[in-house]
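# I'll drop the sequence and a predicted model, then ask my questions.
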Amino acid sequence: MTNNKLFSPINFDDITLKNRIVMSPMCMYSCESEDGTVHPFHIAHYESRAAGQVGLVMVEATAVQAEGRISSKDLGIWNDDHITGLKQISKRVQAFGAKSSIQLAHAGRKAELEGNIYAPSATKFNENYQTPIEMTETDIIQTIDAFKQAAKRSAKAGFDIIEIHGAHGYLINQFLSPLTNTRQDQYGGNRDNRYRLLSEIINVVKTEWDGPLFVRISANEYKEEGNNIDDFIYFSQLMKKQGVSLIDCSSGGVVPASITPYPGYQVPFAEQIRKEADIATGAVGLITTGIQAEEILQNERADLIFLARALLRNPYWAKAAADELKENIEAPKQYARGWQ
């Protein structure tokens, strides 16, 4: 049994991750046909990180509705035609002993598309974005059902874990935040009403999904009038009651803001939510070394380490971290001679 927590297994329901290293979802904007389907790049991109011994590989924000894409080149899961390609990604990731995950998303007012875009309220993100249409209750019901159908397709594609994207100023985040949600109906106003969309999405996803369910949040909105950490602890407590397994703690994106990032700058959000909401968390944000990741885990500040740019730079980051921590990890058989 390893003494390094980074390389110790962890269970979520019936799914065991072989280590605590997660490939964070990162948009690749690489759908050449602009129809949301998987292309060879996507398979190579995700498979290479699994070969590099990442424990959980999470596919980028994947749109549950065509109008919910961030760009026209985003992956989609809004119809059954998307299942085949996504299943290829999942199978290739799992072939290297990693678990596979998908992030289900809707961009809301941050969609950069031709045609109508939708949001809780008719206010645009900034001058470079178009003004969205305020969603009717019918629109909301259709979007909730789109998440349900996406969960059903995720199961057919063979993913092990689903993450719901409730961060970075996209649709769910827009409903959660008083900065972007000025509705006067049951989906706006007090924080219970602002949580209603996410609550209903979680409930319908769980009717089609038996596996672990993660949710990504923006735990700091970098605006005094926005949600604060106490609000996100409250939301996290509600999510735990609904059966969410882990809160993936990012920050920012809901409104334009000046953010000064530094190594581990988002880790305190994961630590506080973990302790005060009593739920597993993932830490993300300029985590670059094995020692840094190990400190976060050993001090019980988070349960998983989500890596983004570090894995873009080095698909074999896990091997580099293992060398740093003097840990022996099994190499893919094709690379064994180079890993000795």
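Structure's in. What do you need?

# residues near the residue nearest to Ala277 when sequence neighbours are not counted, how many?
Spatially, and ignoring its direct neighbours in sequence, Ala277 is nearest to Ser236 (3.8 Å; CB to CB, 6 or more residues apart in numbering). From N, CA and C alone the C-beta is placed, and that goes for glycine too. Using other CB atoms under 10 Å, Ser236 has 25 other residues around it.

# what of the one 5 residues further on?
Applying other CB under 10 Å, we find 11 other residues in the vicinity of Lys241.

# and it, what is it in contact with?
By CB atoms under 8 Å, 6 or more residues apart in numbering, the contact set of Lys241 is empty.

# all helices of the stretch 201-340 of the chain, in order?
229-241, 267-277, 290-298, 309-313, 317-324, 336-339 (DSSP state H, counting those that start in this stretch).

# tell me which of these lies nearest to Asp139.
helix 229-241 (22.6 Å; CB to CB).

# what is the orientation angle of the closest one with helix 267-277?
Per axes from the mean of the first three to the mean of the last three CA atoms, to 10 degrees, the angle that helix 229-241 makes with helix 267-277 is 60 degrees.

# helix 229-241: which residues count as buried?
Neighbour-count burial for helix 229-241, counted by 16 or more other CB atoms under 10 Å, picks out Asp231, Phe232, Ile233, Tyr234, Phe235, Ser236, Leu238, Met239, Lys240.

# on that earlier part again, could I get the helices of the stretch 201-340 of the chain as a markdown table with mean pLDDT and distance to Ala44?
Converted to a markdown table, these look like this (pLDDT from 0 to 100; distance: least, CB to CB, whole Å):
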| stretch | mean pLDDT | distance to Ala44 |
| --- | --- | --- |
| helix 229-241 | 97 | 34 |
| helix 267-277 | 98 | 30 |
| helix 290-298 | 98 | 25 |
| helix 309-313 | 96 | 13 |
| helix 317-324 | 96 | 17 |
| helix 336-339 | 90 | 19 |
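
# okay, the ones you listed in CSV with distance to Arg183 next?
Formatted as CSV, the helices of the stretch 201-340 of the chain follow (distance: least, CB to CB, whole Å):
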stretch, distance to Arg183
helix 229-241, 17
helix 267-277, 26
helix 290-298, 37
helix 309-313, 36
helix 317-324, 42
helix 336-339, 54
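
# identify whichever of these lies nearest to Asp13.
Evaluated over the helices of the stretch 201-340 of the chain, closeness to Asp13 peaks at helix 229-241, with 13.8 Å, by CB to CB.

# can you report how many residues neighbour the spatially closest residue to Lys18 that is not a sequence neighbour?
Closest residue to Lys18 apart from its sequence neighbours, by CB to CB, 6+ apart: Gly55 at 5.1 Å. Gly55 has 23 neighbouring residues, counting by other CB under 10 Å.

# contacts only, for Gly55.
By CB under 8 Å, 6+ apart, the neighbours of Gly55 are Leu17, Lys18, Asn19, Arg20, Ile21, Val22, Ala98, Lys99.

# follow-up on the earlier one: to Thr138, which of the helices of the stretch 201-340 of the chain lies closest?
helix 229-241 (25.2 Å).

# just to revisit the earlier point, can you pull the pLDDT of the residue nearest to Lys18?
Listed pLDDT for Gly55 reads 98.

# Gly97 and Thr16 touch, don't they?
No. Counting by CB atoms under 8 Å, Gly97 does not reach Thr16; the two are 10.7 Å apart.

# higher neighbour count, these two?
A count of neighbours by other CB under 10 Å puts Gly97 above the other of Gly97 and Thr16, at 15 against 12.

# pLDDT wise, what is the nearest residue to the more buried one once chain neighbours are set aside at?
In space, and not counting its chain neighbours, Gly97 is closest to Lys18: 6.1 Å by CB to CB, 6+ apart. We have a pLDDT of 97 for Lys18.

# same question for the one 10 residues further on.
Among the per-residue scores, Met28 shows a pLDDT of 95.

# how about Glu34?
89.

# my guess is it contacts Ser72, does it?
Yes. Using CB under 8 Å, Glu34 is in contact with Ser72, at 4.5 Å.

# who has more neighbours out of those two?
Shown here are Glu34 and Ser72; by other CB under 10 Å, Ser72 has more neighbours (16 against 12).

# the closest residue in space to Ala107 that isn't next to it in sequence: helix or strand, and which one exactly?
Excluding its sequence neighbours, the residue lying closest to Ala107 (CB to CB, 6+ apart) is Ile70, at 4.5 Å. Using DSSP states H and E, Ile70 is not contained in any helix or strand.
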